[in-house]
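Engineer: predicted model follows, preceded by the sequence.
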Amino acid sequence: MTHTTHNFSPQYMESVKGDLVNEEEFVDILEERRNSSDLGHAFRTFSPHPYKGAPSCSTADLNKAVLESQYLRYMAKEIATEMGSSVEEVREEATGILEEMSQNLQLGFIRLMGYTVSKMSKRLFSSINVNMEGLNRLQQAIQEHPVILMPNHRSYADFLVISYILFTYDIPVPVIAAGSPLAGMKMVGEILRRSGAFFIRRAIGSDKLYWAVLSEYVKTIVRTGFAPVEFYVEGLRSRTLKSLTPKLGMMHMVLEPYFKGEVFDVTLVPISISYDRVLEESLLAHELLGVPKPKESTTGLLKATKVLQEDYGSMHVNFGRPLSVRHLCQGKINRCQYNLIPRDLPQKPTAEAQACVSWLAHLVVRIQEEGSLISPWSLMACLFLQAPTTVLTEEGLLWQQLTEKTLWLRKLALDFGARLNWPEKIPDLDVMASSVALHRSIVQRKAGRVYLVREEEPAGKRPISAEEGAFRTAAAVLMMASYRNQCLHLFVRPAMVATAIHIAKTTQRDKIFPFFFFLQDLFANEFIFIPGKSSQDFEEACFFLKKCAAIDVSQQEVTVSDAGQEVLSFLRALLKPFIDTYQVVFRYLCEDGVHSFSEKQSLPAVRNLATKLILSGELYTYEALSSDTQKNVLSALRRLEIVTKSRVSEQNEFRVNKDAVRRIGDMLSGKIPPQPLHGPPGTRL
Amino acid sequence: MASNSSGSSSDRQRIAQQRLRIIAGHLQRPEDGDSAVLSAECKGQVSKTDEEKTVPKRRQEIMKWNGWGYSDTKFLFNKKGQAEFTGKRYRLSGMIIPGLKDWMEGTFGANLQHKSPATPVLTSSAVQPPTINEAFVEEVKSTGIPFSHDAEDRVFRAHGHCLHEVFALREGKIGRVPDMVIWPNCHNDVVKIVELACKHNVCLMPFGGGTSVSSALECPPEETRSIVSLDTSQMNRILWIDEKNLTAHVEAGIVGQDLERLLNESGYCTGHEPDSMEFSSLGGWVATRASGMKKNIYGNIEDLVIHIKMVTPQGVIEKSCQGPRMSTGPDIHHFILGSEGTLGVVTEVTMKIRPMPEYQKYGSVVFPNFEQGVACLREVAKQRCAPASIRLMDNEQFKFGHALKPQVSSIFTSFLDGLKKLYITKFKGFDQDRLCVATLLFEGNREKVLQHEKQVYDIAAKFGGLAAGEDNGQRGYMLTFVIAYLRDLGMDYYVIGESFETSVPWDRVLDICRNVKARITRECKDRGVQFPPLSTCRVTQTYDAGACVYFYFAFNYRGLSEPVHVYEQVEHAAREEILANGGSLSHHHGVGKLRKEWMRDTVSSVGMGMLKSVKDYVDPQNIFGNRNLL
């Protein structure tokens, strides 16, 4: 199967410009698997063109180089002095850490992995679509410089799919940074290890030795070009299917060899993986509501076989244009800063280096967003969630109304430059009907109406309480919201302009922009904004709104056209659940009883407050129950230094500046004009 | 240079000759003479050694006006299309170099059909008429010091050997040139000239050998005063030799080859042999902080000088004694060393001399790759057993060296070559496209040389190095002096290039080599250079804490409308890359005007302030107005 996507080149991303203008062709790699032997595929001749810069080395050589590095020697000595132990002991511990961590990439296991993935994928997915042009570019790039593969992370299914594709197309398979819980799974851990996974502990905290071993390990892989490195810059699997604020630790490790001149360049390849339907949809929604995530275990995996019997539609893997770090960092980092201290000694990154790493990480996530394919279902989810929840659960939404509005939204999305995954050869109504059918776990179509499906009531139990009812509705809403989130990046900037126009109640450009800026700053932990790009983001958003004839823009004024009301109110409604949730958390923080709190205490408390407000009819959005959004509010307030750490212990305690919280709440509701909260958004990440 | 032009005598003969010379030198020495006074008075009379001197006042009599070196010496493609090196001065002179054509075509995509010839003669009309300061000229006349307003004389002193300078000359484009050339004959002449220059506010630009590669000799276009080029070439005598302390007092205009030849006649040498030593002068070395090939034994120029006399607008600066080391505040020599003609004219220098080495031996080692080669050099430096010279060429230079092999008549030699190649590539498994070669030069008494040689070869073996014979080593050093002529040949066929250097800590050597070479290649590509450039390097000096690295870069500029501009952009980018990789702004070429923009970052603002305040005190009128360095 091949189909094309509609693309648009965002004005601000010069690095990817040109690429997106071309229509790219996706090829279903499962098609061949359905027609020929999986064993034959697994035992195919694998002879990729490796990196030309350095001779290849074995896993054992790699580990030896890490342990014998000057950096680890130095750190071992330093740690031994601090701990009062002997250098030998520390070095032995380092050896242990490395053993626990290191991958053991073996071709035999890649073949086994290939076979397994073939079998599983065919069962789960109707197609896995890959852009061949992207693969060709990657193949070229891998020979020239060390390559970092940077996929987004939406499902465990992501984990080996890149390796699988690269194996299929004769490209060197990567070593993959994985969370260490995976290593603990019987057999599976070892199989993953031999398929190239290396394992990183979740909470490294201040374990100096662990950091040292990890960073030297990663840097050595980059320096030697041992294999492409694959890691999730978002750090975690996104529970909301929305991009996460990038984590900078690994990013710094893969970039440092370039900063320090140990390699000529490093190539970053953003990869966007998009799903029609995510395997973990229900699990994720429950996690967001505070039901703990089941521990990764092999038996758990086997139990999940029920999950494996359903249809998950298609998967798209879009390999982005390789980005030259050297090119991107021009003028952003002065590499002379590494001249005066031996490069293999620990050195705290300068503010300049940190800003540069953060900027690059954000850029990559933005490109991942731009590269993802938006499904018809995601557009439908946007509209679905804008109806009152009672309509969704009780009366049902008129199918005709939903489909008409969806087609309207499709046009808007295309105006905004979306990459849509909307099959062209199938009648539009059939496309939407099959989307709904695919998602029967969330929605049900009955007699010309569509309903939100709530979890079945456990048979024979007592009647459920109001709280439990809210919880069940919330689970369904959050599942739906995660699909809406798949396309949120497309609308968020125009939505902020729409909100700014509405709340600031003015047409003056120089009053609207500060509000837009304020929203970006406040929501910098919620959505991905590239640090320092606010003005361009604003311009771009206005450009799109103007393009769809929603507003008219002059030097001084931004005026809403009559036709624009529909667009703007849709966009405002898109942002509203977030604004409401933030207000709920603000309200909690300003309560009299709250002085000093830990995250563990605050989340259930906020959830209780939100439930109460929902049940009393004061709050409309069930999304306020999402623990991710609640955590994001706290992170934002911490970034703005409104919430501060009061005690450092096992459980960090926080103190809150209530006046400041009230002020932000008032700004957000338009009671007082926005003032700069801090520096420009993102610069302090 | 003597050893180059001595023909193809075998080693044994050469050594024997050297020994004879040393003995003769000893015999000629006066019985109880502590110092041999060769020349003392300065009255502008023709001294008897004059005809032996290399550099006449009218340089155009023996040197090219728009290229490197002697007029009689050049590379060309003869009627058969074979490369040939003309003249009689060098060992390669008169020889056919069969591999050069293929190498040039293969490396640059150059084509013998596509010539880019130079303007044949300098037309005086292209030269701006001089701005004459009449009063100054009148007073100079009265001193009897020779001077000239001749266009050729002035053009010869308006440039060094940067690519853009030579390229402009070849195109017949002449920019601002000095308005007058003056030839002082001794220290006192210089004192008079500087006094007059101050009196009449004339801009003075000292000129030594004219081998600058830093735009140091370019006349500042904004200079409105009359510019006088002060040519020191006639101040070229060894004034005395002190055999008890092993020093020689020498006029600063002497060029390297004359200094060595004259000292050799007395059985001595300085051992200072920069690649430019045929033409560069003692004063120039001091003014740029020069470095010589054999610095491992003899030291760099700052280690060699005992006493310096410099004439400044404030008067003469010098130390009062010849103590070998002093603790008397900051060493005033270090205000002079590297001052690049901005503070005054170096007129006389006392430098260390050594008895000529009794035995010299070349050598070479082949390494499987550049990484191993660098590791070996690092180990040699660590053990402080570096030979007089040790240089490591990368793979491209190794191939280039091969392309420069002259035609040999002896079947035996080529048979041996074939065997060696077979041994290295087939038997030892070296990859022809990765291997690299180090050339070595040992000096001293025979026994110690042999011992030393063994030590170095043993270290090399630990890094996979195989001894590759004396011939390969010797040829490498011989090519040093010949290579400079090659650029002119390239320029005849649309190929332009240049070399530049840096110094860098050991742990960064490999990284800087790789990154700078890659940067050059990428920059060329980005700027529309059609054919991949030659981008290659060598490690030419070792120190305790680092090494000196040379980069060579050349490309075919067909299809480019502004080749020199492209070239300059690429060189600029390469220098940025060097600095970003922890390399220095310069190891020995100096800053001049070409690298000025990076000076503040290099020495800090306070450092700049210190240098400026010295300039302001010594030369408040900016008489020495070449505007180098600061």
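Structural biologist: It's in.
Engineer: number of nearby residues for the closest residue to residue A:236 other than its chain neighbours?
Structural biologist: Distances taken as C-beta to C-beta, 6 or more residues apart in numbering or on different chains put residue A:244 closest to residue A:236, at 6.4 Å, once the chain neighbours are dropped. Using the backbone N, CA and C atoms, a C-beta is placed for each residue, glycine as well. When neighbours are counted by other C-beta atoms under 10 Å in any protein chain shown, residue A:244 registers 22.
Engineer: residues in contact with residue A:244?
Structural biologist: When contacts are counted by C-beta atoms under 8 Å, 6 or more residues apart in numbering or on different chains, residue A:244 touches A:234, A:235, A:236, A:238, A:365.
Engineer: what's the most distant pair in those?
Structural biologist: For the contacts of residue A:244, the farthest-apart pair by C-beta to C-beta is A:236 and A:365; their separation is 12.8 Å.
Engineer: the two: who's more crowded?
Structural biologist: Counted by other C-beta under 10 Å, residue A:236 and residue A:365 do not tie: residue A:365 has more neighbours, with 22 against 11.
Engineer: what's the pLDDT at the more buried one?
Structural biologist: With respect to pLDDT, residue A:365 has a value of 97.
Engineer: so it sits against residue A:242, correct?
Structural biologist: No: Residue A:365 is beyond contact range of residue A:242, at 10.7 Å (criterion: C-beta atoms under 8 Å).
Engineer: just the helices in the stretch 501-630 of chain B please.
Structural biologist: Shown for the stretch 501-630 of chain B, the helices assigned by DSSP state H, counting those that start in this stretch span residues B:509-526, B:563-580, B:599-618.
Engineer: packing partners for the first one?
Structural biologist: Taking 3 or more C-beta pairs under 8 Å, 6 or more residues apart in numbering or on different chains; DSSP states H and E as contact, the helices and strands that helix B:509-526 lies on are helix B:370-382, strand B:534-542, strand B:546-556, helix B:563-580.
Engineer: of all the ones you listed, which one is nearest residue A:283?
Structural biologist: Shortest distance between residue A:283 and the helices and strands packed on helix B:509-526, using C-beta to C-beta, is found for helix B:563-580: 47.9 Å.
Engineer: would you mind listing the buried residues in the closest one?
Structural biologist: By 16 or more other C-beta atoms under 10 Å in any protein chain shown, the buried positions in helix B:563-580 come out as B:563-564, B:566-568, B:570-571, B:573-580.
Engineer: scan chain B for its longest helix.
Structural biologist: Criterion DSSP state H: the longest helix present in chain B is helix B:470-492.
Engineer: and it with strand B:546-556, angle?
Structural biologist: Comparing the axes of helix B:470-492 and strand B:546-556 via axes from the mean of the first three to the mean of the last three C-alpha atoms, to 10 degrees yields an angle of 40 degrees.
Engineer: tell me the buried residues in helix B:470-492?
Structural biologist: Across helix B:470-492, burial judged by 16+ other C-beta under 10 Å covers B:471-492.
Engineer: using PDB, write out every CA atom in it.
Structural biologist: Extracted as PDB, the C-alpha positions of helix B:470-492 are listed here (Å, rounded to 0.1, in the frame of the first residue of the first chain):
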ATOM      1  CA  GLU B 470      67.100   6.000   4.600                       C
ATOM      2  CA  ASP B 471      66.200   7.000   1.100                       C
ATOM      3  CA  ASN B 472      62.500   7.600   1.900                       C
ATOM      4  CA  GLY B 473      63.500   9.800   4.800                       C
ATOM      5  CA  GLN B 474      66.100  11.800   2.900                       C
ATOM      6  CA  ARG B 475      63.800  12.400   0.000                       C
ATOM      7  CA  GLY B 476      61.200  13.700   2.400                       C
ATOM      8  CA  TYR B 477      63.500  16.400   3.700                       C
ATOM      9  CA  MET B 478      64.800  17.200   0.300                       C
ATOM     10  CA  LEU B 479      61.200  17.800  -0.800                       C
ATOM     11  CA  THR B 480      60.800  20.400   1.900                       C
ATOM     12  CA  PHE B 481      62.600  23.000  -0.200                       C
ATOM     13  CA  VAL B 482      61.200  21.900  -3.500                       C
ATOM     14  CA  ILE B 483      57.500  21.700  -2.500                       C
ATOM     15  CA  ALA B 484      57.300  25.500  -2.300                       C
ATOM     16  CA  TYR B 485      58.000  25.600  -6.100                       C
ATOM     17  CA  LEU B 486      55.100  23.300  -6.700                       C
ATOM     18  CA  ARG B 487      52.500  25.800  -5.900                       C
ATOM     19  CA  ASP B 488      53.500  27.900  -8.900                       C
ATOM     20  CA  LEU B 489      53.100  24.900 -11.100                       C
ATOM     21  CA  GLY B 490      49.600  24.300  -9.700                       C
ATOM     22  CA  MET B 491      48.700  27.900 -10.400                       C
ATOM     23  CA  ASP B 492      49.600  27.400 -14.000                       C
END
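Engineer: and that helix, what does it pack against?
Structural biologist: With contacts taken as 3+ C-beta pairs under 8 Å, 6+ apart, helix B:470-492 sits against strand B:75-77, strand B:83-85, helix B:163-170, strand B:359-367, strand B:389-393, helix B:395-403, strand B:436-444, strand B:495-505.
Engineer: could you find the closest non-adjacent residue to the residue in the stretch 1-150 of chain B that chain A sits nearest to?
Structural biologist: In the stretch 1-150 of chain B, the residue that lies nearest chain A is residue B:107 (19.7 Å; C-beta to the nearest C-beta). Computed as C-beta to C-beta, 6+ apart, the closest residue to residue B:107 that is not its neighbour in sequence is residue B:534, at 5.4 Å.
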